[in-house]
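Colleague: Need a 3D model of the sequence below.
(chains A and B)
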Amino acid sequence: EDQVTQSPEALRLQEGESSSLNCSYTVSGLRGLFWYRQDPGKGPEFLFTLYSAGEEKEKERLKATLTKKESFLHITAPKPEDSATYLCAVLTGNQFYFGTGTSLTVIP
Amino acid sequence: KAGVTQTPRYLIKTRGQQVTLSCSPISGHRSVSWYQQTPGQGLQFLFEYFSETQRNKGNFPGRFSGRQFSNSRSEMNVSTLELGDSALYLCASSLDWGQSPAYEQYFGPGTRLTVT
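Modeller: Down below sits the predicted model:
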């Protein structure tokens, strides 16, 4: 059964304290892996797409990497405005599967 | 370029009623997908429409249905509402699921449905 698991569920960081969020997946026929950011009361905001193992994408303080079984979202020197829920999704043949997200809080 | 818009933003309905939600995709996007988001289940895929045809469907009962118009706007209907249908309903648009990099989905702000 296709499955996406994110860890940890919640993460509290001090401002400037770097860390990583994990997204592990078990799917047949991965067509792409996606990272989104969701703020309370809003729809998810697209961040990155990764298509194959070894691929990396960067945007400001965020860097996403992909292996054959998991993806990491690395957050370098986070700021309070990075506080949000980060969602991971995978696209298989005909459907997107989302993880339940990691709620990140960055404390000033 | 305008983003994905959804109307209404908030709805309160009573059990047994039906509801219709609307989604206008980004201009040029032909694929529209619908998701249900709840605290316990996260985002769950309902269905996807492309060129007025339902192309993919998730595991939801037949009470959940949708359609897409020739201008790519989409509507989702839920009949005989149940308490468990209370959720944030999100619409996402993309160029096309079928070809990279068109996989990328862009979400609207959602419609918050409360069933009492």
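Colleague: and residue 91, how many neighbours does it have?
Modeller: Going with chain A. Residue A:91: 22 surrounding residues under other CB atoms under 10 Å in any protein chain shown. To be clear about C-beta, it is placed using only N, CA and C from the backbone, and glycine gets the same treatment.
Colleague: To clarify, I was referring to chain B.
Modeller: Around residue B:91 there are 30 residues (other CB under 10 Å).
Colleague: How about the contacts made by the nearest residue to residue B:26 once chain neighbours are set aside?
Modeller: Closest residue in space to residue B:26, ignoring its immediate chain neighbours: residue B:93 at 5.1 Å, by CB to CB, 6 or more residues apart in numbering or on different chains. Each residue near residue B:93 by CB atoms under 8 Å, 6 or more residues apart in numbering or on different chains is listed here: B:4, B:23, B:25, B:26, B:29, B:31, B:32, B:33, B:72, B:105, B:106, B:108.
Colleague: of these, closest to residue B:39?
Modeller: Residue B:39 lies nearest to residue B:108 out of the contacts of residue B:93, by CB to CB, at 19.4 Å.
Colleague: you'd agree the closest one is up against residue B:23?
Modeller: Yes. Between residue B:108 and residue B:23 there is a contact at 6.1 Å, judged by CB atoms under 8 Å.
Colleague: Need the residues touching each of those two.
Modeller: With CB under 8 Å, 6+ apart as the test, residue B:108 and residue B:23 both reach B:4, B:5, B:6, B:91, B:93.
Colleague: Number of residues surrounding residue 41?
Modeller: You didn't pick a chain, so chain A it is. Residue A:41 is flanked by 10 other residues according to other CB under 10 Å.
Colleague: Chain B is the one I meant
Modeller: Neighbour tally, residue B:41, other CB under 10 Å: 11.
Colleague: One more: residue B:114?
Modeller: 12.
Colleague: give the contact list for it.
Modeller: Shown in contact with residue B:114 (CB under 8 Å, 6+ apart): B:10, B:11, B:12, B:13, B:86.
Colleague: From chain A, how far off is it?
Modeller: 14 Å (CB to the nearest CB, to the nearest Å).
Colleague: Off-centre distance for the one helix or strand that residue maps to?
Modeller: Using DSSP states H and E, residue B:114 sits in strand B:111-115. How far strand B:111-115 lies from its chain's middle: 13 Å, per CA atoms, centre = their mean, to the nearest Å.
Colleague: can you pull the buried residues of that strand?
Modeller: For strand B:111-115, the neighbour count (16 or more other CB atoms under 10 Å in any protein chain shown) marks B:111, B:112, B:113, B:115 as buried.
Colleague: and residue B:5, bridged to which residues?
Modeller: Counting by DSSP bridges, residue B:5 forms beta bridges with residue B:24.
Colleague: What is the neighbour count of it?
Modeller: The number of residues packed near residue B:5 is 15, by other CB under 10 Å.
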